[in-house]
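Enquirer: Pasting the sequence and the predicted model now:
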Amino acid sequence: MEIITIQVSVGDTILIRDNATTLITLDNKEYYAIEHGNVIGKFHDSLSMNNIEVINDYMILHEYIDELKIDDSIISTRLDSYEGMDWSSYYNDSIFIVIHKDKNLTKINIGDKVVVNRHLVNYAYFNNVRYNVISGLDYIEAKIA
């Protein structure tokens, strides 16, 4: 028997994978049911991506499109609009930058560029921003040095 430690508590504000909930009604009240493994992280203090603790071996990524080097700092840009995009190449492997991760994923650091098969990427929306999400290191095909 496998014992699973639940990392969230009643009252926590959480970020979940898109389309991972089931709407249920109990005593004429609507609730969302979700498997614990679909919880990406929980917020601390305020609802900001700077205050999220990522759990369940998830990594939150942004697409790597281009970079600009300023004083040894790399500023990455990401795709903000999907209009006019050539969808024939969209589902090929893509390069992503890790922006948040579970503390247990020690082989990957925030800021690392990784190659991930786009078919394996999930999504989460927060403050009208679409974040790319993967679970575990198995989805990473390569880490770019």
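Expert: Perfect, I can see it now. Numbers count the residues shown, from 1 in each chain.
Enquirer: can you give me the strands in this protein?
Expert: In the chain, the strands defined using DSSP state E lie at 14-16, 22-26, 29-33, 39-43, 52-54, 58-63, 66-70, 73-77, 93-101, 113-117, 122-126, 129-135, 140-144.
Enquirer: Which one, of the ones you listed, ends up nearest to residue 4?
Expert: Counting by Cβ to Cβ, residue 4 lies closest to strand 39-43 out of these; the figure is 11.9 Å. In short, each C-beta sits where N, CA and C put it, glycine included.
Enquirer: ok so, going back, indicate which one of the strands of the chain is closest to residue 6.
Expert: Evaluated over those, closeness to residue 6 peaks at strand 39-43, with 9.2 Å, by Cβ to Cβ.
Enquirer: how about JSON lines for the strands of the chain, with mean pLDDT added?
Expert: Below are the strands of the chain laid out as JSON lines (pLDDT from 0 to 100):
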{"stretch": "strand 14-16", "mean pLDDT": "94"}
{"stretch": "strand 22-26", "mean pLDDT": "94"}
{"stretch": "strand 29-33", "mean pLDDT": "93"}
{"stretch": "strand 39-43", "mean pLDDT": "95"}
{"stretch": "strand 52-54", "mean pLDDT": "95"}
{"stretch": "strand 58-63", "mean pLDDT": "92"}
{"stretch": "strand 66-70", "mean pLDDT": "48"}
{"stretch": "strand 73-77", "mean pLDDT": "46"}
{"stretch": "strand 93-101", "mean pLDDT": "88"}
{"stretch": "strand 113-117", "mean pLDDT": "89"}
{"stretch": "strand 122-126", "mean pLDDT": "92"}
{"stretch": "strand 129-135", "mean pLDDT": "92"}
{"stretch": "strand 140-144", "mean pLDDT": "88"}
